[in-house]
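Engineer: Task: produce atomic coordinates for the following.
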Amino acid sequence: MTTIRNDLILSQSAFSHVIDVDISKVDIAQWLFNLPDAEYQRCAPPDHIAAGATWTDDGKRMSINVEMIGTGLVVQHYVAEVAEPQYCKMVSVSDVFTPHGRTKVQVIWELRAKGLPDGKTEYTNSVISHPTDDFLAFVDKNGVTFEQAAKDRQAASGDHNKRETPLFAESIARAARLR
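Structural biologist: Numbers count the residues shown, from 1 in each chain. Modelled structure (predicted):
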């Protein structure tokens, strides 16, 4: 059983991008669970490696994403806690493969759409990660303080999110125009 340390934040960022699509046409859940692998890759080159959608054993929607965050290859098993047209909350206990070995972190990914008065939509991509007890033991074993690990993860994750947010938003806009 993986213990999540919700009292500690490893990294946190949120970025927004305005798309020229009315909120009534936006369906983030539909987009997310039908996102072609190649389109996912275009949303953060060269970091995004693969994506797919599946179900948990108990019937919840799930998005599997494989990407590089800094020097870590991250396999994310995002389970939908909320999957609605204008809001998705996805939670993953992600496997992180680093040059020093393998560990786990929790990642909470929130995707939001807000209608604007001019018929446009503001998309916000929020990501927060928490360490697991396994992660804390991993950094300790490698002689790294949690503070240094968090600083490094914040820089890498923040940069990644900043680059993928406008590309996700425009991908959502393209899907909305096809509806």
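Engineer: And the average pLDDT for the longest helix seen in the chain is what?
Structural biologist: Counting by DSSP state H, the longest helix found in the chain is helix 146-177. Mean pLDDT, helix 146-177: 97.
Engineer: Counting by contacts, list what it packs against.
Structural biologist: strand 11-19, helix 28-32, helix 37-42, strand 61-69, strand 121-131, helix 133-141 (3 or more C-beta pairs under 8 Å, 6 or more residues apart in numbering; DSSP states H and E). C-beta: built from backbone N, CA, C; applies to glycine.
Engineer: mind checking which of those is nearest Ala83?
Structural biologist: Counting by C-beta to C-beta, Ala83 lies closest to helix 28-32 out of these; the figure is 4.1 Å.
Engineer: what residues does the closest one touch?
Structural biologist: Identification of contacts with helix 28-32 by C-beta atoms under 8 Å, 6 or more residues apart in numbering yields 53, 61, 63, 80, 83-88, 90, 111-113, 171-172, 175-176.
Engineer: rerun that using 6 Å as the cut-off
Structural biologist: Applying C-beta atoms under 6 Å, 6 or more residues apart in numbering, the external contacts of helix 28-32 come out as 63, 83-84, 88, 111, 113, 172, 175.
Engineer: do stretch 82-89 as well
Structural biologist: Outside stretch 82-89, the residues touching it (C-beta under 6 Å, 6+ apart) are 27-29, 32, 61, 81, 110-113.
Engineer: List the buried residues for it?
Structural biologist: By 16 or more other C-beta atoms under 10 Å, the buried positions in stretch 82-89 come out as 83, 85-86, 88-89.
Engineer: One more: stretch 101-121?
Structural biologist: 103-113, 121.
Engineer: could the contacts of stretch 82-89 go into a markdown table alongside distance to Lys141 and pLDDT?
Structural biologist: Output for those, formatted as a markdown table (distance: C-beta to C-beta, whole Å; pLDDT from 0 to 100):
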| residue | distance to Lys141 | pLDDT |
| --- | --- | --- |
| Asp27 | 44 | 98 |
| Ile28 | 39 | 98 |
| Ala29 | 39 | 98 |
| Leu32 | 35 | 98 |
| Arg61 | 35 | 97 |
| Glu81 | 32 | 98 |
| Glu110 | 32 | 98 |
| Leu111 | 34 | 98 |
| Arg112 | 37 | 98 |
| Ala113 | 42 | 98 |
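Engineer: Can you pick out the most distant pair from the buried residues of stretch 82-89?
Structural biologist: Pro85 and Lys89 (13.4 Å).
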